[in-house]
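Trainee: Fold the stuff below for me.
(one chain, ligands or ions: 3)
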Amino acid sequence: MGKGVLLVNLGSPDSTDPKDVKTYLDEFLMDPRVIDVPYWARTLLVRGIILNTRPKKSAEAYQKIWWEEGSPLIVLSERLRDKVQEKSTLPIGLAMRYGSMSIKKGLQELVAKGVDDVLLVPLYPQFAMATTETILVLAEELQTKYFPGLKLSSLPPFYNNPDYINVLAQSIKEQLDTIDYEQLLFSYHGVPERHIKKSDVTKSHCKIDGSCCKTPSPAHQYCYRHQCFETTRLVAEKLQLKEGTYFTSFQSRLGFDPWLKPYTDRTIERMGKQGIQKMAIVTPAFVSDCLETLEEIAMEGEEIFHEVGGKDFTTIPCLNDREDWASLLSNWIENWVAHKDPLVVEA
Ligand SMILES: C=CC1=C(C)c2cc3[nH]c(cc4nc(cc5[nH]c(cc1n2)c(C)c5CCC(=O)O)C(CCC(=O)O)=C4C)c(C)c3C=C
Ligand SMILES: [Fe+2]
Ligand SMILES: [Fe+2]
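Mentor: Ligands and ions are numbered 1, 2, ... in the order given. As a prediction, the model looks like this:
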């Protein structure tokens, strides 16, 4: 018996058919860590309201970005898995939290290869209840129910890991070196403010007032907002970005609750209205390009910028299957095999 790795990303619908999009959104939005209200209220909201209109709208958005081979998020995750596999002697599996490539199937495939000790790698740099936590909780439930002999460990969030920051900064630099820009926007997927408070282990630290995330606290181990601002700060330090030339915002809000601010769409609009002509945008909450980067940012974001008079809008690709990113993941895996802190890469 032996060790194996399961990379886990968010997942996509099977196709751009509104029926498949509805099936996917139903599983996604009925997750209590995504829409965190009591079951009856979630059912009413998701199945009674959102799923009546959203699948058609989302399907149209997916149609704009879909590739011959399928969903960009899935194809890019598969390419990454293949590159990591080339660099590793362990079986490297890939699963999605929602959709057909389930975590259960991913674990079954590893077990069939003789694996009894799995490192779960949630493909999210920053911790969030709606991403990392839901993967870990589901994997533990599956282990209890179907794989009682399986040992599970997980790679911690790597939002501030120096080697990850190097790779991310390098990927940004390669783009910035080829363009002229006035503002670099770091746009992270948003979450409802309520999620941040729920994840606060101290129950009193997070005030979402702009200052709490800068004050050291044990709450930050699970504070998505803090972790996003830290990723920006560390990349800005690494690239020696001048104060005032970069900014952090949050995208993709859904519904009427307050989400993390400032909002990306309003920030792009503000920058354009303030006379910024050239902006670049990077999306470090996503390791693979997906609907939220290829459509919401690269298409809708650019349209907003142009509407208010902006000119050059450069979207920086996610890490996707970059060689240095695949090498870093395989180094972390080697550390785990050697029983070392997986996130420490020795020189
Ligand atoms: C309450 C709703 C949502 C929360 C909270 C949320 C958090 C969250 N999501 C990602 C990453 C991705 N989200 C993607 C798509 C997407 N997200 C939501 C809703 C919430 N996300 C919806 C309804 C959708 C589907 C598309 C749509 O209808 O708008 C994707 C892209 C998937 C793809 O197939 O390309 C990613 C990736 C993070 C990182 C996050 C919290 C930190
Ligand atoms: Fe999302
Ligand atoms: Fe905070």
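Trainee: Break down this structure into its helices, ranges please.
Mentor: 18-29, 39-42, 51-65, 72-86, 103-112, 134-146, 162-176, 193-198, 224-238, 264-273, 291-294, 302-307, 323-337 (DSSP state H).
Trainee: Pull the fourth one out as CSV, backbone CA atoms only.
Mentor: What that stands for is helix 72-86. The C-alpha coordinates for helix 72-86 follow below in CSV (Å, rounded to 0.1, in the frame of the first residue of the first chain):
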residue,chain,number,x,y,z
PRO,A,72,-11.3,25.7,-19.3
LEU,A,73,-11.2,25.1,-15.5
ILE,A,74,-11.3,21.3,-16.0
VAL,A,75,-8.9,21.2,-19.0
LEU,A,76,-6.4,23.4,-17.3
SER,A,77,-6.6,21.4,-14.0
GLU,A,78,-6.0,18.2,-16.0
ARG,A,79,-3.0,19.7,-17.7
LEU,A,80,-1.6,20.7,-14.3
ARG,A,81,-2.3,17.2,-12.9
ASP,A,82,-0.4,15.7,-15.9
LYS,A,83,2.6,18.0,-15.4
VAL,A,84,2.7,17.2,-11.7
GLN,A,85,2.4,13.5,-12.5
GLU,A,86,5.4,13.7,-14.8
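Trainee: Show me which residues of it are buried.
Mentor: Buried positions in helix 72-86, judged by neighbour count with 16 or more other C-beta atoms under 10 Å: Pro72, Leu73, Ile74, Val75, Leu76, Ser77, Glu78, Leu80, Arg81, Lys83, Val84, Gln85. C-beta coordinates here come from the backbone N, C-alpha and C atoms, glycine included.
Trainee: re the thing from before, just send the helices of the chain back as a markdown table, with mean pLDDT too.
Mentor: Converted to a markdown table, the helices of the chain look like this (pLDDT from 0 to 100):
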| stretch | mean pLDDT |
| --- | --- |
| helix 18-29 | 98 |
| helix 39-42 | 98 |
| helix 51-65 | 98 |
| helix 72-86 | 98 |
| helix 103-112 | 98 |
| helix 134-146 | 98 |
| helix 162-176 | 98 |
| helix 193-198 | 94 |
| helix 224-238 | 97 |
| helix 264-273 | 98 |
| helix 291-294 | 98 |
| helix 302-307 | 98 |
| helix 323-337 | 97 |
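Trainee: Flag every residue of the stretch 201-347 of the chain that's near ligand 1.
Mentor: Residues of the stretch 201-347 of the chain lying close to ligand 1 by C-beta under 6 Å from any ligand atom are Tyr224, Ser252, Leu254, Ala285, Phe286, Cys290, Leu291, Glu292.
Trainee: Buried by neighbour count, from these: which ones?
Mentor: Tyr224, Ser252, Ala285, Phe286, Cys290, Leu291, Glu292.
Trainee: Quick check: the farthest pair among those?
Mentor: Farthest pair in those (C-beta to C-beta) is Tyr224 and Leu291. Separation: 19.7 Å.
Trainee: got the buried residues of helix 72-86 as a markdown table, with distance to Glu182 columns?
Mentor: A markdown table is the format used below for the buried residues of helix 72-86 (distance: C-beta to C-beta, whole Å):
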| residue | distance to Glu182 |
| --- | --- |
| Pro72 | 29 |
| Leu73 | 30 |
| Ile74 | 35 |
| Val75 | 33 |
| Leu76 | 29 |
| Ser77 | 33 |
| Glu78 | 37 |
| Leu80 | 32 |
| Arg81 | 38 |
| Lys83 | 35 |
| Val84 | 37 |
| Gln85 | 41 |
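Trainee: Just name the closest of the residues you listed to Lys113, please.
Mentor: For the buried residues of helix 72-86, the nearest to Lys113 is Gln85 (11.9 Å; C-beta to C-beta).
Trainee: What is the neighbour count of the closest residue in space to that closest one that isn't next to it in sequence?
Mentor: Of all residues beyond its chain neighbours, the one nearest Gln85 is Ile92 (4.4 Å), with distances taken as C-beta to C-beta, 6 or more residues apart in numbering. A count of nearby residues for Ile92, using other C-beta atoms under 10 Å, gives 24.
Trainee: try Asp117
Mentor: 17.
Trainee: Identify the bridge partners of it.
Mentor: With DSSP bridges applied, Asp117 shows beta-bridge pairing to Lys3, Lys151.
Trainee: Against ligand 3, how distant is it?
Mentor: Distance check for Asp117 against ligand 3: by C-beta to the ion, to the nearest Å, it reads 35 Å.
Trainee: Okay then, goodbye and thanks.
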